Structure formats: C-alpha cells, structure tokens
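Engineer: Fold the following for me, if possible:
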Amino acid sequence: MLTKIKHKITNIDKHIFIRNFLFVLAVTVVYSLSVNIPLIKMNYPEKYFILALFMSITRDFIIWFIVFLNRWVFAVFTIFTFVAGFGLKYVNEYLNMGLNIGTFEVIFSTNLAETKGVMNSTLISYFIVGLLLSLIIISLRFILIENKTKTNGGGNYSFLLH
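Structural biologist: Below is the predicted model:
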C-alpha cells in the first residue's frame, strides 16, 4: 500500500499539480479577502493585519486543498462556506456582533418577528453574492480541472483530479 502511494506521488504530472495548487490558492485568496477581512480587522490590532491575513490564508489554504481533492465535497463545501461566510460578514458589519457562541445562540433562538427586522436587501444581496461566487468557483473547478484519470506508465493521477 505504501509503495503504491509512493509510486503515485513520484509520478504526479507537475503541470497538473501546479494548476491545481494555483486554483486552490486563488480560491483561498478570494475567500479570505471577501469574508475574513472584517473579522481580522475586528480581532487584531492594525499593525498585525498583514500577519493575521497571511495566517488566515495559510489556514484556509489547508482546508480548501483537502476539500479540493473530491469535486463533489468541494461543491457542497464551497456553497455552504461562501453563503455562511457572507451571512456572518453581514452580522459582523451591520449588527456589530462578533463571531462567538452567543452569535449562534441569537441566530438559532430568534423568532419570526425578530428575523423580519433583520432581513433587508443588504443581507439578501450578501447571500446572493456568496451564492454567485461559489457557483462561479464550482463551475471553474468542474470545467478547468480535468476530471479524467491519466495513466502514463502505470501512474494514476486520479487522487489529485476528483
């Protein structure tokens, strides 16, 4: 088993790997810049902003790369993450609530009248932007990243493509 994995790793097509790596890096940067910046500004002093953004991108890259390995998991994760991320961005920016356990208590214990008071065109537009961004990224993942396995001298690259 270990030799089989070693054989797959040593026979990776470098162009495919670089393209996949850059795609995941681009998704990570788009997510971090669109969703994480308000949270970083709120939680860290301004002089640490670049360091906090770098740490955020590094952490998110690891998560996105793991999810990237399966295209269907990637699709579901992308939609959920971007829509929820933009929803939490709205909660942070317009309701001045930080992301903590109390935020989730308020979200899940609210009633219909309170929900109507919070629902507005800005929140809906945030959800739509999150959904559109996720659909664009998913379509790029399905179109640009090859879905067929390649064999070249017995090397199977499917673990990097699906």
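Engineer: Could you give the number of residues near Val129?
Structural biologist: Other residues near Val129 come to 15 when the count uses other C-beta atoms under 10 Å. (Glycine included, C-beta is placed from N, CA and C.)
Engineer: Same question for Ser56.
Structural biologist: Neighbours of Ser56 under the rule other C-beta under 10 Å: 20.
Engineer: tell me the SS of it?
Structural biologist: With DSSP: H, G, I helix; E, B strand; the rest coil as the basis, Ser56 sits in helix.
Engineer: Tell me the confidence at it?
Structural biologist: What the model reports for Ser56 is a pLDDT of 84.
Engineer: now stretch 52-60, how far from the chain's geometric center?
Structural biologist: Its chain's C-alpha centre and that of stretch 52-60 lie 12 Å apart, by C-alpha atoms, centre = their mean, to the nearest Å.
Engineer: Pull the CA coordinates from it and hand them back as PDB.
Structural biologist: Provided in PDB are the C-alpha atoms of stretch 52-60 (Å, rounded to 0.1, in the frame of the first residue of the first chain):
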ATOM      1  CA  ALA A  52      -3.200  37.900  10.500                       C
ATOM      2  CA  LEU A  53      -4.200  37.900   6.900                       C
ATOM      3  CA  PHE A  54      -1.300  35.600   6.000                       C
ATOM      4  CA  MET A  55      -2.200  33.200   8.800                       C
ATOM      5  CA  SER A  56      -5.800  33.300   7.600                       C
ATOM      6  CA  ILE A  57      -4.800  32.500   4.100                       C
ATOM      7  CA  THR A  58      -2.500  29.700   5.200                       C
ATOM      8  CA  ARG A  59      -5.100  28.100   7.400                       C
ATOM      9  CA  ASP A  60      -7.800  28.400   4.800                       C
END
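Engineer: Just say helix, strand or coil for Phe23.
Structural biologist: Secondary structure state of Phe23, per three-state DSSP, is helix.
Engineer: Now do it, the pLDDT please.
Structural biologist: For Phe23, the model assigns a pLDDT of 93.
Engineer: For it, give me its contacts.
Structural biologist: Neighbouring residues of Phe23 by C-beta atoms under 8 Å, 6 or more residues apart in numbering: 68, 140-141, 144-145.
Engineer: can we see that at 7 Å?
Structural biologist: Contacts for Phe23 (C-beta atoms under 7 Å, 6 or more residues apart in numbering) come out as 144-145.
Engineer: Kindly report the same for the one 4 residues further on.
Structural biologist: Contact criterion C-beta under 7 Å, 6+ apart gives 64, 137 as the residues in contact with Val27.
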